[in-house]
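Visitor: Okay, predicted coordinates and the sequence, questions at the end:
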Amino acid sequence: MTTANGSSQPTTGAGPGGLAVRVRGLWKRFGAQVAVAGINLDVPAGRFCGLVGPNGAGKTTALSMITGLLRPDAGTIEVIGRQTWPDPAAVKAEIGILPEGLRLFERLSGLELLGYVGRLRRLPAAEVDRRAEQLLAVFDLDSAANKLVVDYSTGMRKKLGLAAALLHNPRALFLDEPFEGVDPISASVIRDVLTRYTRSGSTVVFSSHVMELVERLCDWVAVMHRGQIVAQGPLESVRAGLPLEEAFLSIVGAGDRGGDGLTWLGSSSG
Amino acid sequence: MVGIFVRLKLRLLANGLQDTARLVGFAVGAGLTVAVTPVATIGWLRLREQPELAADVGVVVFTAVALAWIILPLGLFGTDDTLDPARFAALPLRPRTLVTGLYVGAFVGLAPLATTAVLAGSVFGLSAGPGSTVIALFALALEVALCVAVSRALASALSGMLRSRRGRDLAVLVGVLIGGSGQLVMLGTAYMSGSVDLMHSAASVLRWAPPGMAARAAPDAAAGHYLVAIAGLAGAALAVTLLLWWWGRSLTGAMVTTDASTSRAARPTGRRVGLHRWQPGGRAGAVAVRELRYNWREPRRRSAWVAAVLFGGIGPFLLLRQDGAGTGGVYVVCLTAGIVGLQAANQLGIDGPATWIHVATWRDPRDIRADFAGRNLALAMIGAPILLLIAVALASIAGSAGSALGPFALACAVLGIAFGVGNVASALAPFPVPESTTNVFSGGNTGQGCLAGVVVIGSLACTGLLSLPLLVGPVLARLDRPVLAGSAFLGGIGYGLVVAWLGRYLAGAMVYGRQPELLGLLTRREAG
């Protein structure tokens, strides 16, 4: 599947060539803990951008602030040429979001949920129904369209959440761990839809701690570690010829901590 | 093992209180306890001089407190689910260990403490001499044990019913149970204020129920009947044991069975009738339809409606009976309206983390107002017909169905006021109510019971205050000024609408300014 790298387009080919996301000096503290420590981030429009880093690196916090769901302590954020803060309404109208945890209205059916989100976004009713049915079909959810979300599996939820995020044809998508807990078949469906979406010049930013996935999908990478962005740019320049995982480990300088202290673990220890 | 549960509960409570809103709620609850305890204690001590009366009062009070432990959590505040049994499902615990641990953990909290404090005076009030004091001490302990056990066991068992496929039918039964016990308390208080004779006849029946058995033990011992006293204590202890056994059974059942109420929709061909066809335009319409679906499909909301209707529905009938005031008594339907309107008090919290879907689509305060309008509309669409039914039924009992009109109009006005107050409360102090797999009456997160109580009581009080101007209509009607009275009723409805609109407006402005903060409150993960 490494051939998927070939699908990356040169920057100039996608849209106006401007920045879809421009972040400067972004900070967020939770009590004494610094979650995001003054990051600068640029994502050109039309890119498939992966935000990678280990758990707790600050990816979710950064994405929440960029999408206007979490108020930053300091810094400026521009999405599609608009300031997210202090009033994120304009940005929220232009983007699609798949937040962490994926809390949906559990007691609606998949079809009802999409219809609801579309109406909240003030799309014409007939258009909502048309798009909802198409999205459900593309995501292979049409057989579950009338099933309550509470009965969906994780993969189905992610696909439905993604469908809800795409419903109003946003100019940029922000997805928090869209592939976590998703089976390979659903993952490939999600991948296909997202790849098609970016080819049209729209931007996808997604977070993940799975390096291989980011390597395979993205043409633009930002690496986060302990609240900071330690590397960003086109995939090839960030990984510098190495597999991304090795590049990441050398960037953050992670030592070998293969569990020296766990001598009791395993059946051979007696 | 039990120690671990107690320490866990203490830790969870302490962690929960780091939140300001919960701390305020806790402080109010603690303040109330401190204020009421001396009064109650003085009352008990004064009873010591009249042993016969004391025995009757003891039986009635012990029974009333036990009933309050059944109704208040199920009907209004939610039971304390800090230690959610489902979280222990993966641990290798025998049901017996689990129930014991959860049960002992349930004693750690403000409500059991407050109950103990208020009843503590009975140790002296019901006894005479050292022997009966020891018995009274045991009786007090058993009474508190009984309260905690009955509340948890019932919540668990009823949750199983309300969640099940046939839950909707059983909901009525559950409601009758909750409402029925609520009425018993109302009757009890009415009788108590009545006469000593009535109290005595009530006590002579109630003494055979477990709380009454506990209460009678000390007076019996004081009279020298130690065997009878010990038998009474044993009866109460047996009741506790049986309740715990019942609780354990329904708990283990709930933990290994799935939520069957949703499998109904798992059929690939869902019914596309009724609500599905009705899709009014606009944001408020969309929200209203979603809310209506939720009120039907979600066990927590179903139980809330059942509790509201029976709490506010049966009460008025009994009040009417006792009042005997003729058609004027129909106005008690306004109380029902206030209680039904309470469901508006935590409109954001009930959606919990899913609120982000709304937040992501808000463009200006107008959108938020539309959301509240939709929610209010859905509640009104269910609530208003219920109020009409109750008003007509009350009026028919009182002798003229036509006299329902005025009270119904005022009840609608009260509903509007309750919505206005509820909208502001929802924006001011939202608290997430996580869906529990074992308890649909869950009061929410760690240490949140007090906050919920403050919100509920505060909303009721505000609704009551704001409803005072509505009295003008009935007063004018009494004074035989039909034209003036008619316009006052119309004005009352207008006033209710204005308050509802004003509350919505305020709530919209309040929510718009602090969307991230509210979202943070509602998505916060549960401790534990």
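Guide: Perfect, thanks for sending it.

Visitor: okay, CA-based contacts and neighbour counts for the rest of this
Guide: Fine.

Visitor: where does residue B:427 fall, helix, sheet strand or coil?
Guide: For residue B:427, the secondary structure call by DSSP: H, G, I helix; E, B strand; the rest coil comes out as helix.

Visitor: average model confidence for the strand or helix carrying residue B:381?
Guide: When secondary structure is defined using DSSP states H and E, the element that contains residue B:381 is helix B:365-398. Computed over helix B:365-398, the mean pLDDT rounds to 91.

Visitor: count of neighbours near residue 22?
Guide: Went with chain A since none was named. A total of 20 residues lie near residue A:22 under the criterion other CA atoms under 10 Å in any protein chain shown.

Visitor: not what I meant, chain B
Guide: Using other CA under 10 Å, residue B:22 has 24 other residues around it.

Visitor: now swap in residue A:126 and tell me
Guide: Residues within reach of residue A:126, counting by other CA under 10 Å, total 10.

Visitor: pLDDT score assigned to residue B:518?
Guide: According to the prediction, residue B:518 has pLDDT 89.

Visitor: next one: residue B:190
Guide: Per-residue pLDDT puts residue B:190 at 62.

Visitor: before we move on, back to that, same for the helix holding residue B:381, what does it pack against?
Guide: The elements that helix B:365-398 packs onto, with contact taken as 3 or more CA pairs under 8 Å, 6 or more residues apart in numbering or on different chains; DSSP states H and E, are helix B:282-297, helix B:299-323, helix B:333-341, helix B:405-428, helix B:482-513.

Visitor: isn't residue B:421 right up against residue B:464?
Guide: No. The pair residue B:421 and residue B:464 does not pass the contact test of CA atoms under 8 Å, sitting 10.2 Å apart.

Visitor: so where do the strands sit in the stretch 151-270 of chain A?
Guide: Taking DSSP state E, counting those that start in this stretch, the strands of the stretch 151-270 of chain A run over residues A:172-176, A:203-208, A:220-225, A:228-234.

Visitor: picking that back up, neighbour-wise, which of residue B:421 and residue B:464 wins?
Guide: Per other CA under 10 Å, whichever of residue B:421 and residue B:464 has more neighbours is residue B:421, with 29 against 17.

Visitor: Could you confirm whether stretch A:102-120 reaches chain B?
Guide: Yes. Stretch A:102-120 comes into contact with chain B (CA under 8 Å from any CA of the partner chain), by way of A:103, A:104, A:105, A:107, A:108, A:116, A:117, A:119, A:120.

Visitor: residues in contact with the fourth one?
Guide: With contacts defined as CA atoms under 8 Å, 6 or more residues apart in numbering or on different chains, the neighbours of residue A:107 are A:148, A:149, A:150, B:293, B:294, B:297, B:298.

Visitor: what do you get if the cut-off is 10 Å, keeping everything else the same?
Guide: Contacts were defined as CA atoms under 10 Å, 6 or more residues apart in numbering or on different chains; by that measure residue A:107 touches A:113, A:147-151, B:262, B:265, B:290, B:293-298.

Visitor: Nearest to residue B:470 among the residues you listed?
Guide: Of all the contacts of residue A:107, the one sitting nearest residue B:470 is residue B:295; the distance, using CA to CA, is 29.4 Å.

Visitor: what about residue 49, neighbour count?
Guide: Chain wasn't specified; assuming chain A. Under the neighbour criterion other CA under 10 Å, residue A:49 is assigned a count of 27.

Visitor: not what I meant, chain B
Guide: Residue B:49 is surrounded by 13 other residues when neighbours are defined as other CA under 10 Å.

Visitor: got it, and residue A:113?
Guide: The burial metric for residue A:113, expressed as a neighbour count using other CA under 10 Å, is 23.
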